[in-house]
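Asker: Make a model of this:
(chains A and B)
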Amino acid sequence: MALINIENVSIIRGGKSVLTDFSAAIEPGKITAIIGPNGSGKSSLLGALAGDLPISSGRIAIDGRDLKEISVIEQSQLRSVVLQSRNYWLSYTTRELIEMGQGRDERKRVDSILQKLDMKRFENQSVTTLSGGEAQRIEIARALIREVDIYLFDEPLSAQDVQSKARIIALLKELRDKGKTVLVIAHIDKSSLAWCDQIIDTLAQ
Amino acid sequence: MIKKIVPLILLLPLISIVALSLGATDVSQLLRHIFNPFLNPDSTSHQIIWQIRAPRVAAAILVGAALGIAGSLAQSSTNNPLADPAILGTSAGASLGVLIGVLTNLVGIGSAGAVVCAAVGAMAATLLTFSLARSALQLITIGIGVSAILNAIVGITLSAVSRPDARSISFWSFGSLSLVTTKTLYVVAPVLVIATVIAWKSAPTLDLLSLGDASVRHIGHNAQRIRFVAFGILAVLVAVTVSSVGSIAFLSLAAPHIARYLCGPRNRILVIFSGLVGALILLIADTAARSLIPPFELPIGLLTSLIGAPILIATLKKSGDVWR
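Answerer: Numbers count the residues shown, from 1 in each chain, chains lettered A, B, ... in the order given. Down below sits the predicted model:
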């Protein structure tokens, strides 16, 4: 049985329909990619799955439960979300930002994640001085230190160099091998997504 | 951190002594009276220093601290370096509240009643901005709008009324510490202490807002609720300052930036540093305002700008990475 069921979902943003009647079933314990060109509504779909955007029709269910009926706190224990990186104006350090709002267990995992994502050398550097790819890895690290069942990524590889891409893909596979469900939004073509178990094209429907 | 906070704390009494010794009148045996508050309580020197100057020095410190803290709450809660209580509509709301109270003869300027009027006005205006805005950025744009409307109403009312006390109201609306009495302190001091404690307690949640509202939600917190608490404290702080000394320009914007340069962005420590920096700038500005061309008083808002702005520009130039 699918873990996440997206049933006939439509999303309207600012009066414009960005996703119409979209359905997909995300299998548990797999890496699934949702692909499509710019403007095909895949980021909006991730927003809806993360509970940030309302859907205008249809239903999203996680483990059989309607997402609308799952509280914000319960959602936070169920899934981790990686958004595209943001601009920071406050000079928190990389480490401070990763640890922000996290519990004691999560903070224990920071060191190993910093190591795996090659972030040790800028862990005490101000986030205002980081490159786009480095800032994006902060979002990834924040999500990965959380122990949840579902991980949602919005274009996690878009600003990364070749080595970092390989590191991140290895980490996603590690999650899958632990039985976690990984969902990746990407606008890259299918040929470079060999590491994914399931590919859903938003345009194919 | 201690290396930086100790000099700031030591500067306060030092500048206070300078502030007590400067003024329109020459005082005999100045330092002896300053260092011994119980010497000849009936003498003119004692009265000038301890009845006239001391309450004003204390008020400058308390009001400056309150405005500095209010500024840090405004910037952290909107996650925007341009925010301050004047931009969010809070100051204008407080002004209008006091103005209505005074013109309807309900309260006098500087009284506890005026604080209540200011608090109601500040809360109402802040709540209006808060309820109209859908995002952190909209808080700024809608706040500017709310502010402009309320300030216009205050300005038009002040020009339209022909009451003998209208002049003192308009003097107050530009900000001045000359109307401060010991009674003002009894109102400002406890409110400041309580607000600072609450601000300090809720500071770690304010840090979260720099992650962006969606990420705050993803880890199970509610950004709007965090903001709501900050706005509540901010409105109360602005209310006590506006009702006692009017609206003082620029301090709330500059103090947190200077503080952040000294102590970094973490809100727990930023609240304290912003208060200290605000207190120091207002104390220096007010001392200059009343002693540069005695017996005339310069408008305090101009001096806070003149002193605060160069420090602000210098710190931002030097820190470099804050405004990228």
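Asker: separation between the closest residue to residue A:4 other than its chain neighbours and chain B?
Answerer: Excluding its sequence neighbours, the residue lying closest to residue A:4 (C-beta to C-beta, 6 or more residues apart in numbering or on different chains) is residue A:26, at 3.9 Å. For every residue, glycine as well, the C-beta is placed using N, CA and C. Counting by C-beta to the nearest C-beta, to the nearest Å, the separation of residue A:26 from chain B is 18 Å.
Asker: go on, residue A:154?
Answerer: Between residue A:154 and chain B the distance is 10 Å, computed by C-beta to the nearest C-beta.
Asker: need the contact list for the nearest residue to residue A:39 once chain neighbours are set aside.
Answerer: Among residues not flanking residue A:39 along the chain, residue A:18 sits closest, at 7.5 Å (C-beta to C-beta, 6+ apart). Going by C-beta atoms under 8 Å, 6 or more residues apart in numbering or on different chains, residue A:18 touches A:11, A:12, A:39, A:41, A:44.
Asker: quick one: the residue nearest to residue A:4 from residue A:57, how far?
Answerer: As for residue A:26, its distance to residue A:57 is 19 Å (criterion: C-beta to C-beta, to the nearest Å).
Asker: my read: residue A:13 touches residue A:44, true?
Answerer: Yes: Residue A:13 is within contact range of residue A:44, at 6.1 Å (criterion: C-beta atoms under 8 Å).
Asker: neighbour count winner among the two?
Answerer: Per other C-beta atoms under 10 Å in any protein chain shown, whichever of residue A:13 and residue A:44 has more neighbours is residue A:44, with 22 against 14.
Asker: Helix, strand, or coil at the more buried one?
Answerer: helix (DSSP: H, G, I helix; E, B strand; the rest coil).
Asker: so who does it touch?
Answerer: Contact analysis of residue A:44 by C-beta under 8 Å, 6+ apart lists A:11, A:13, A:18, A:19, A:53.
Asker: Count residues in the vicinity of the residue of chain A found nearest chain B, would you?
Answerer: Residue nearest to chain B within chain A (C-beta to the nearest C-beta): residue A:76, separated by 3.3 Å. Residue A:76 has 20 neighbours, counted by other C-beta under 10 Å.
Asker: for residue B:65, same thing?
Answerer: Count around residue B:65 with other C-beta under 10 Å applied: 29.
Asker: Can you tell me which residue of chain B sits closest to chain A?
Answerer: The nearest approach of chain B to chain A comes at residue B:220, 3.3 Å away (C-beta to the nearest C-beta).
Asker: On the three-state scheme, that residue is what?
Answerer: Assignment for residue B:220 (three-state DSSP): coil.
Asker: if I read this right, it contacts residue A:75, doesn't it?
Answerer: Yes: between residue B:220 and residue A:75 there is a contact under C-beta under 8 Å: 7.5 Å.
Asker: Give the burial count for the residue of chain B closest to chain A, as a bare number.
Answerer: Residue B:220 has 14 neighbouring residues, counting by other C-beta under 10 Å.
Asker: Can you pull up the most central residue in the chain?
Answerer: This is for chain A. Taking C-alpha atoms, centre = their mean, the centroid of chain A lies closest to residue A:153, which sits 1.7 Å from it.
Asker: that's the wrong chain, I wanted chain B
Answerer: residue B:67 (2.2 Å).
Asker: That residue belongs to a helix?
Answerer: Yes: assessed by three-state DSSP, residue B:67 belongs to a helix.
Asker: quick one: residue A:159 and residue A:133 touch, right?
Answerer: Yes: applying C-beta under 8 Å as the test, residue A:159 and residue A:133 come out as touching, 4.2 Å apart.
Asker: how close does the residue nearest to the centre of chain B get to residue B:135?
Answerer: According to C-beta to C-beta, residue B:67 and residue B:135 sit 26 Å apart.
Asker: My read is that residue A:98 contacts residue A:142, right?
Answerer: Yes: applying C-beta under 8 Å, one finds residue A:98 in contact with residue A:142, separated by 5.4 Å.
Asker: ok, for the residue of chain A closest to chain B, nearest residue in space, not its chain neighbours?
Answerer: Nearest non-adjacent residue to residue A:76 (C-beta to C-beta, 6+ apart): residue B:220, at 3.3 Å.
Asker: about what we covered before: what about the residue nearest to residue A:4, distance to residue B:219?
Answerer: 22 Å.
Asker: what do you get for residue A:120?
Answerer: Look at residue A:120 and residue B:219: by C-beta to C-beta, they are 24 Å apart.
Asker: So for these two, which sits in the more crowded spot?
Answerer: Neighbours were counted for residue A:120 and for residue B:219 using other C-beta under 10 Å; residue B:219 has more, 23 against 13.
Asker: Could you list the low-pLDDT ranges of the chain?
Answerer: By default, I'm working from chain A. Scanning chain A with the threshold set as pLDDT under 70 gives A:188, A:205.
Asker: not quite, I wanted chain B
Answerer: Looking at chain B by pLDDT under 70, you get B:109-110, B:165-173, B:319-324.
Asker: Quick one: list the elements packing against the top helix by length along chain A.
Answerer: Secondary structure of chain A per DSSP state H: the longest helix is helix A:162-177. On a contact count with 3 or more C-beta pairs under 8 Å, 6 or more residues apart in numbering or on different chains; DSSP states H and E, helix A:162-177 meets strand A:31-35, helix A:110-116, helix A:132-144, strand A:150-154, strand A:181-186.
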